[in-house]
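S.K.: Make a model of this:
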Amino acid sequence: MLTQERLKVLLCYDPLTGIFTYRVERKRGTHPAGSVAGKVEDGYRRIKIDGKMYRAHRLAWLYVHGHMPRRVDHRDNIGDHNWIENLRPCTQSQNCANRVTRTDNKLGIKGVHFHKAAKRFVASIGWLGKMKHLGCYDTAEEAHEVYCLAADMLHGEFANHGASV
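M.R.: Numbering: from 1, shown residues only. Sure thing, here's the model as predicted:
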């Protein structure tokens, strides 16, 4: 298991920028000391340590706080923004609450869809593993406003109205 001490031997972390750099040369000159560690895949920086891949945001938490929570959330929803103030431990439910609007959302409005038969906009929200119906509305804006109020009430600091911070 990776420890804070081992991590600090191998990498240097800047908590203001979120950037990890190598303390020592790696891979026979391909990663010289001082170079940026890891690579970005699927929007997240990944760093290989002792043969195992880690996401940089989890390593940042370990580097600063000495333990690695099961999940670490990016407040701004950008996976390569790993400065410590942008990170927070979370549950799976909290991480889901902080997601942006899905790319396959036809309206582009989080928490709202159009009900063809009723010809109205429906607001709904995920809570405790289930979808909760918040009502039907004449406009998408009304439905989204209700969603936002419910998100703030139910999800608190993890509420996301659909966009990056």
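S.K.: what's next to the lowest-mean-pLDDT helix or strand in the chain, contact-wise?
M.R.: Every helix and strand of the chain was ranked by mean pLDDT, DSSP states H and E. The lowest is helix 92-97, at a mean of 92. For helix 92-97, contacts defined as C-beta atoms under 8 Å, 6 or more residues apart in numbering pick out 71, 73, 126, 128-129, 151, 154-155, 158-160. In short, each C-beta sits where N, CA and C put it, glycine included.
S.K.: mind listing what's buried in it?
M.R.: Within helix 92-97, the residues scored as buried using 16 or more other C-beta atoms under 10 Å are 93-95, 97.
S.K.: Take those and lay them out in JSON lines including distance to H81.
M.R.: Output for these, formatted as JSON lines (distance: C-beta to C-beta, whole Å):
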{"residue": "S93", "distance to H81": "22"}
{"residue": "Q94", "distance to H81": "18"}
{"residue": "N95", "distance to H81": "15"}
{"residue": "A97", "distance to H81": "18"}
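S.K.: Can you give the domain ranges for this protein?
M.R.: 4-92, 101-155 (automatic domain parsing).
S.K.: So for the last one, mean pLDDT?
M.R.: Same thing as domain 101-155. Averaging pLDDT along domain 101-155 gives 94.
S.K.: Equivalent analysis for stretch 7-17, please.
M.R.: Mean pLDDT, stretch 7-17: 97.
S.K.: List the buried residues in that stretch.
M.R.: 7, 10-11, 13.
S.K.: so which pair among the residues you listed is furthest apart in space?
M.R.: Within the buried residues of stretch 7-17, L10 and Y13 form the most distant pair, 10.5 Å apart (C-beta to C-beta).
S.K.: Show me what the longest helix along the chain is in contact with.
M.R.: Once the chain is assigned using DSSP state H, the helix that runs over the most residues is helix 140-155. Residues outside helix 140-155 that contact it (C-beta under 8 Å, 6+ apart): 94, 97-98, 107, 109-112, 114, 121-125, 127, 132, 134-137, 159-162.
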